[in-house]
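>>> Kindly generate the corresponding structure for this input.
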Amino acid sequence: MALVNAVGRTLLGAYGDQLAAMRFEVVAALQAAGEAYATARTDYEAYVDRETVRLVVGADKVARTLAEQMARASDKGYELKLAFLLAEKRDQFLRKLLDAFAAAGENHRTSRADQRAADRMHAQGYTGAS
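Below you'll find the predicted structure:
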């Protein structure tokens with residue numbers, strides 16, 4: 001929705017203005033996604049660490065490797081790992097989208113430069129014939 005709003009704000013502007021507005025929105029979303037990714041990863045790793053320690057020092061005295069595997073295999077471990085992976089993929093998607101907007105901007109700049117060169121040649125009377 002933010003991208004649609006960005007285009008709407010620049011509807012009467014040039015294509016480059018629209019790209020810049022969309023890139024601005026993606027950068028803001030990427031910052032939020034990066035924070036969500038870091039939080040989700042930390043939550044998952046902290047849970048696995050706490051649960052591993054709890055199982056190792058508990059009454060059953062589970063071996064550390066087994067305790068860690070049990071923590072990762074638990075329902076909560078699964079949920080936290082899923083949240084972590086989804087946050088990671090969102091961060092990666094937004095980075096790729098930002099790259100795509102940068103490439104589109106570069107293509108737009110090249111096209112404008114080519115058009116200016118063609119306009120200059122036309123103004124100078126170049127016909128292309130030898």
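
>>> Please, which helix or strand holds R54?
helix 15-57 (DSSP states H and E).

>>> Could you list every helix and strand in contact with that helix?
The helices and strands touching helix 15-57, judged by 3 or more C-beta pairs under 8 Å, 6 or more residues apart in numbering; DSSP states H and E, are helix 2-9, helix 64-73, helix 75-123. Yep, even glycine has a C-beta here, placed from its N, CA and C like the rest.

>>> now the ones you listed as CSV including mean pLDDT and mean neighbour count?
Shown next, in CSV, are the helices and strands packed on helix 15-57 (pLDDT from 0 to 100; neighbours: other C-beta atoms under 10 Å):
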stretch, mean pLDDT, mean neighbour count
helix 2-9, 61, 14
helix 64-73, 96, 15
helix 75-123, 85, 13
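
>>> Looking at these, which is nearest to Y37?
helix 75-123 (4.1 Å; C-beta to C-beta).

>>> by how many degrees do the closest one and helix 15-57 diverge?
160 degrees (axes from the mean of the first three to the mean of the last three C-alpha atoms, to 10 degrees).

>>> starting at the chain centroid, how far to helix 75-123?
In terms of C-alpha atoms, centre = their mean, to the nearest Å, the centre of helix 75-123 is set 9 Å apart from its chain centre.
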